[in-house]
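Participant: Need coordinates for the below:
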Amino acid sequence: MAAPGGGWRAGALAGLGGMLIGAAAVAGFYGLRGPDRAATEAIVRDYVLNHGEILPEAMERAQRRQASASVAQHRAALERPYRSAWAGAADGDVVLVEFFDYACPYCRVTNGDVDRLLAEDPRLKVVWRELPVLGPNSEAAARVSLAAARQGRFRQFHQRMFALGRPTDAVVAQAVADVGIAREEESADGRAELARNLELARAVGATGTPTFVIGGQVLQGAVGYEALKAAIAAARGR
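Facilitator: I've put the predicted structure just below:
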């Protein structure tokens with residue numbers, strides 16, 4: 001996955017490029033030619049270069065537009081759960097997709113926010129997607145999580161894992177025993193799901209976990225209950 005700094009620089013360049021292109025478009029719209037057009041473009045260019053503080057805003061806007069377009073392109077795949085890795089309303093009018101990693105402490109914190117939203121909102125559907133990016137223990141836990149999803153026990157395993165702590169071999173074994181999951185050989189189906197999740201995460205510009213996709217928005221990190229609720233309301237409003 002791309003490093004956060006790389007995404008910022010790419011977005012900033014996109015925003016700056018957009019402004020300069022916009023200057024050319026304005027000049028063309030008003031029929032400016034020759035010296036007048038060049039002067040207009042130079043004024044805008046100088047302003048951008050001398051007011052670097054506007055670049056973060058331009059970057060954020062460019063990233064939001066790009067993420068929204070990518071979400072729309074991949075929505076069906078994003079919102080299609082892997083077996084039982086979902087909760088809430090089967091035909092929910094809003095779907096919250098969460099990319100998570102059992103080794104991610106921010107995912108553990110956020111799990112309570114998602115539980116609260118599910119309890120409060122009968123029209124919400126949540127789809128979880130494993131994104132084990134924090135090492136071998138993450139990957140091992142994700143494989144067992146997929147087995148739990150195949151056996152219709154995903155939510156129980158998911159809750160138990162976050163209750164127990166970091167996904168060591170002992171913790172995973174304890175969760176398996178507590179939930180009653182039958183051990184399975186790693187499946188081609190599970191490997192394909194992890195590969196698909198990585199590609200989807202890249203497509204929406206995820207830089208880590210947790211990453212949420214709600215409506216046309218992509219929210220990164222433990223943004224909190226209020227931000228998630230606001231994104232759900234915005235998606236419902238559209």
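Participant: For Ser72, give me the pLDDT.
Facilitator: Quick fix: residue 72 reads Ala, not Ser. On pLDDT, Ala72 comes in at 93.
Participant: any idea how far the nearest residue to Gln217 once chain neighbours are set aside is from Gly190?
Facilitator: Sequence neighbours aside, Ala231 is the residue nearest to Gln217 in space, at 5.0 Å (criterion: CB to CB, 6 or more residues apart in numbering). Glycine gets a C-beta too; all of them are placed from N, C-alpha and C. Distance of Ala231 to Gly190, computed by CB to CB, to the nearest Å: 29 Å.
Participant: Quick check: what element follows the host helix or strand of Val126 along the chain?
Facilitator: Val126 is part of strand 124-130 when elements are defined by DSSP states H and E. Proceeding N to C from strand 124-130, the next assigned helix or strand is helix 136-150, under DSSP H and E.
Participant: Can I get that next one in PDB? Just the C-alpha atoms.
Facilitator: C-alpha atoms of helix 136-150 as PDB (Å, rounded to 0.1, in the frame of the first residue of the first chain):
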ATOM      1  CA  PRO A 136       2.600 -12.500   9.900                       C
ATOM      2  CA  ASN A 137       0.300 -12.600  12.900                       C
ATOM      3  CA  SER A 138      -2.200 -10.300  11.100                       C
ATOM      4  CA  GLU A 139      -2.100 -12.600   8.100                       C
ATOM      5  CA  ALA A 140      -2.600 -15.800  10.300                       C
ATOM      6  CA  ALA A 141      -5.500 -14.200  12.100                       C
ATOM      7  CA  ALA A 142      -7.100 -13.000   8.800                       C
ATOM      8  CA  ARG A 143      -7.000 -16.600   7.500                       C
ATOM      9  CA  VAL A 144      -8.800 -17.900  10.500                       C
ATOM     10  CA  SER A 145     -11.300 -15.000  10.300                       C
ATOM     11  CA  LEU A 146     -12.100 -16.000   6.800                       C
ATOM     12  CA  ALA A 147     -12.700 -19.600   7.900                       C
ATOM     13  CA  ALA A 148     -15.000 -18.200  10.600                       C
ATOM     14  CA  ALA A 149     -16.900 -16.300   7.900                       C
ATOM     15  CA  ARG A 150     -17.200 -19.500   5.800                       C
END
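Participant: Just checking the distance from that helix to the centre of its chain.
Facilitator: Offset of helix 136-150 from its chain centre (CA atoms, centre = their mean, to the nearest Å): 19 Å.
Participant: Which strands and helices lie in contact with the helix or strand following that helix?
Facilitator: Next helix or strand after helix 136-150 toward the C-terminus (DSSP H and E): helix 154-164. Helix 154-164 makes packing contacts with helix 105-120, helix 136-150, helix 169-179 when contacts are defined by 3 or more CB pairs under 8 Å, 6 or more residues apart in numbering; DSSP states H and E.
Participant: Of these, flag the one that's most buried.
Facilitator: With neighbours taken as mean count of other CB atoms under 10 Å, those reach their highest mean count in helix 136-150, at a mean of 21.
Participant: okay, the angle between it and helix 169-179?
Facilitator: Put simply, helix 136-150 runs at 10 degrees to helix 169-179, going by axes from the mean of the first three to the mean of the last three CA atoms, to 10 degrees.
Participant: So what touches helix 136-150?
Facilitator: For helix 136-150, contacts defined as CB atoms under 8 Å, 6 or more residues apart in numbering pick out 82-85, 101-103, 130, 132, 154, 156-158, 161, 166-169, 172, 175-176, 179, 181-184, 186-187, 189-190, 193-194.
Participant: Could you list everything the residue most central in space within the chain pairs with in the sheet?
Facilitator: Compute the mean C-alpha point of the chain, and by CA atoms, centre = their mean the closest residue is Thr211, 3.3 Å away. Beta bridges link Thr211 to Phe99, Gln220, judged by DSSP bridges.
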